[in-house]
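**Q** Here is a sequence together with a model predicted from it:
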Amino acid sequence: MEVRIQAIHFDATEKLQDFIQKKTAKLEKYCDDINKVEVSLKVVKPETAMNKEASIKVLVPNGEFFAEKVSDTFGESVDVCVDEIGRASWRER
């Protein structure tokens, strides 16, 4: 499974990238034929607390799953997105 991480207008730390790799790997337990996972990270309205946006698109042979969340941290945003996609892919089965 290929995981592509895009940090928009900043450099994602290696620790954050490792965290995203670990979290997205859990999606394979819901769907074993994932072609690619695209993760996009950006800071919205830097002056606010809830400003870390993560969006995750999971490409599978017959379609895709998508989730987006804005939270205090990128970790929290990624966590929620992975959970939402996991539940959505489980319902598709």
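**A** Cool, the structure landed.
**Q** How much space separates the residue lying closest to Phe10 once chain neighbours are set aside from Cys31?
**A** Closest residue to Phe10 apart from its sequence neighbours, by Cβ to Cβ, 6 or more residues apart in numbering: Val43 at 6.5 Å. Yep, even glycine has a C-beta here, placed from its N, CA and C like the rest. According to Cβ to Cβ, to the nearest Å, Val43 stands 30 Å off from Cys31.
**Q** Identify all residues paired with the one residue sitting closest to the centre of the chain through a beta bridge.
**A** The residue lying closest to the centre of the chain (Cα atoms, centre = their mean) is Ile56, at 3.6 Å. Beta bridges link Ile56 to Val39, Ala67, judged by DSSP bridges.
**Q** quick one on the thing from earlier: looking at Val43 and Cys31, which is more packed in?
**A** Taking other Cβ atoms under 10 Å, Val43 and Cys31 do not tie; Cys31 has more neighbours (19 against 15).
**Q** pretty sure that one contacts Ala88?
**A** No. Here Cys31 does not reach Ala88: they are 9.9 Å apart, not a contact under Cβ atoms under 8 Å.
**Q** Which pLDDT does the model give the closest residue to Ile34 other than its chain neighbours?
**A** Spatially, and ignoring its direct neighbours in sequence, Ile34 is nearest to Met1 (4.9 Å; Cβ to Cβ, 6+ apart). Met1 is assigned 89 on the pLDDT scale.
**Q** next one: Val78
**A** Here the pLDDT value assigned to Val78 is 98.
**Q** So which residues make contact with the worst-scoring helix or strand of the chain on mean pLDDT?
**A** When each helix and strand of the chain is scored by mean pLDDT, DSSP states H and E, helix 74-92 comes last, with a mean of 89. With contact meaning Cβ atoms under 8 Å, 6 or more residues apart in numbering, helix 74-92 is reached by 12, 16, 19-20, 23-24, 26-27, 30-31, 39, 41, 52-56, 58, 60, 65-71.
**Q** Got a ChimeraX select line for the buried ones in the residues you listed?
**A** Buried members of the contacts of helix 74-92, defined by 16 or more other Cβ atoms under 10 Å, are picked up in ChimeraX with:
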select :12,16,19,20,23,24,27,30,31,39,41,52,53,54,55,56,58,60,65,67,69,70,71
